[in-house]
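Peer 1: Prediction below, plus the sequence it came from.
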Amino acid sequence: MNKEKRFSMVHFMLAESKLLTSALLVSVFGILFLFTGCGDQFNDRKFTSPYEDLNWSEIGHYDAEFHTHPNMGDYGGYDPHQVIDRYHEEGYKILTLAEHSSHIPHDHMNTIYPWTELSQIYDKIKDVVHEGEGGKTYAEIHNEPWEDRDPVELGMVSVEGNELSGHHHTISVFNLWSGHVEEEMESLDQVTELGGLAYLAHPGRYVERLGLTAHWYADMYQRYDALVGQSVFNREDSHPGDRAHYDRIQHKLGGAERPIWLFGEDDMHTENTLGWNRNVFLLENFRPGSLHPDIQDGSAPDVMNAMKNGYTYLWKPSEQYNKRAFNIIDVLVEENRVTLTVDKKDLVNEIRWRTHNPNTDSTETIHSGFSITESDVPDYSLFVRAELEGNEGTIYTQPFYLRDKE
């Protein structure tokens with residue numbers, strides 16, 4: 001073989017080797033691109049949250065309770081003004097006196113509201129016979145004549161409401177509906193017409209006793225925008241399955257497709273059921289008041305807006321009366337990461353990120369720590385929520401949803 005042919009053959013082999021090397025490099029980089037997604041491009045979902053709408057530098061934290069029973073059913077507990085006094089003593093800023101609709105003498109009153117007219121309401125009903133309580137009059141049921149209270153003087157927001165009890169017990173607020181009817185839809189039609197809001201109380205009772213399914217709950221939420229969520233804690237913890245039940249329903253609703261919010265409720269009848277839950281409202285420039293026309297509004301419209309849009313989280317004390325030991329003071333929601341900041345980090349022992357697993361139909365912990373990324377969340381998960389546990393109690397956040405990127 002002459003020199004020219006040998007040179008041509010070597011040149012050809014070198015060129016082929018370079019082509020193979022280039023192809024190999026392209027393949028390697030292609031594989032790396034698939035695994036890394038070239039940064040965030042591989043992540044096709046992003047986080048959304050009600051908290052991203054808040055100006056955290058201006059936010060204050062205000063405890064609320066909407067499920068209380070002021071002794072209109074002969075519970076042996078507190079009268080309305082005494083309920084107000086006790087919750088005021090415990091530091092709550094937002095309160096509803098939500099009596100069972102079955103105990104309301106409808107010919108004489110609708111709700112225990114406004115607080116500034118409690119003595120007048122008492123005078124109307126004191127001699128009325130409560131047939132459901134052994135024929136006693138309301139004066140005989142109560143401890144003493146009711147006394148007026150002014151929410152502005154107390155530095156509180158008073159919220160009108162009832163516990164609608166002729167069907168699945170439902171906490172109805174910001175309206176006067178107290179009809180004791182058998183159909184949930186009839187009540188929710190009225191709440192909607194009156195411009196109010198509602199949440200479902202102690203759902204575990206109806207899952208256990210009536211066999212209500214997640215589908216039943218999802219259907220109610222899809223029918224009524226005024227229905228904003230449900231209880232996940234009742235009293236100390238009457239129905240431990242309520243958290244998983246909430247997660248199951250939220251997943252069935254499609255996560256961000258129909259957000260619902262979690263609530264805690266004392267369901268207070270006597271002192272031993274007071275101070276077990278604090279719904280923490282995240283508000284700017286808190287001012288006491290009420291939506292009653294004779295009382296200044298103050299922050300009452302903001303409370304209603306926060307309840308509707310999930311500007312809250314739940315403080316669940318480890319012991320009765322424990323006040324919040326730490327607060328969430330910032331939530332940074334980025335497309336692929338959520339980061340929580342608290343004011344007393346040393347008091348937080350553990351942070352669990354929880355979601356619903358449709359494969360096992362159960363709630364599971366998928367991550368821990370102050371932040372979570374999209375890659376930490378399984379593909380089957382439509383949302384996550386955080387539980388920040390300390391010795392004094394645990395914060396339960398509202399959900400952080402996973403949406404497809406546009």
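Peer 2: Cool, the structure landed. Computed from a predicted structure; not experimentally measured.
Peer 1: tell me, what residue is most central in the chain?
Peer 2: Per CA atoms, centre = their mean, the C-alpha nearest to the average position across the chain is that of residue 262, at 2.5 Å.
Peer 1: check which helix or strand covers it.
Peer 2: Taking DSSP states H and E as the criterion, residue 262 maps to strand 261-265.
Peer 1: Following the chain onward from that strand, which element is next?
Peer 2: Reading on from strand 261-265 to the C-terminus, the next helix or strand found by DSSP H and E is strand 278-284.
Peer 1: just checking, residue 327 touches residue 345?
Peer 2: No: look at residue 327 against residue 345 with CB atoms under 8 Å: they stay out of range, at 11.2 Å. Bear in mind the C-beta positions are built from the backbone N, C-alpha and C, glycine included.
Peer 1: More neighbours: which of these two?
Peer 2: For the pair residue 327 and residue 345, the greater number of neighbours falls to residue 327 (18 against 9), based on other CB atoms under 10 Å.
Peer 1: In contact with the more buried one: list those residues for me.
Peer 2: 61, 280, 342-344 (CB atoms under 8 Å, 6 or more residues apart in numbering).
Peer 1: same deal with residue 76?
Peer 2: By CB under 8 Å, 6+ apart, the residues touching residue 76 are residue 270.
Peer 1: just to revisit the earlier point, contacts only, for the residue nearest to the residue nearest to the centre of the chain when sequence neighbours are not counted.
Peer 2: Using CB to CB, 6 or more residues apart in numbering and skipping residues adjacent in sequence, the residue nearest residue 262 is residue 232, 4.6 Å away. If you count contacts by CB under 8 Å, 6+ apart, residue 232 has them with 242-243, 246, 262-264, 314, 396.
Peer 1: Could you look up the SS state of residue 315?
Peer 2: Under DSSP: H, G, I helix; E, B strand; the rest coil, the three-state class of residue 315 is strand.
Peer 1: Just to check, it is in contact with residue 280?
Peer 2: Yes: applying CB under 8 Å, one finds residue 315 in contact with residue 280, separated by 5.4 Å.
Peer 1: Closest one of the contacts of residue 232 to residue 87?
Peer 2: Taking CB to CB as the measure, residue 87 lies nearest residue 264 of the contacts of residue 232, at 14.0 Å.
Peer 1: From residue 121, how far out is the closest one?
Peer 2: According to CB to CB, to the nearest Å, residue 264 stands 28 Å off from residue 121.
Peer 1: so how far is the helix or strand harbouring residue 402 off the chain centroid?
Peer 2: Assigned by DSSP H and E, residue 402 belongs to strand 400-404. Computed by CA atoms, centre = their mean, to the nearest Å, the chain-centroid distance of strand 400-404 equals 17 Å.
Peer 1: For the strand or helix carrying residue 387, give me every contacting residue.
Peer 2: Using DSSP H and E, residue 387 sits within strand 383-389. Contacts of strand 383-389 from elsewhere in the structure, counted by CB under 8 Å, 6+ apart, are 247, 250-251, 255-256, 262, 326, 328, 338, 340, 342, 348-356, 366-367, 372, 377, 394-402.
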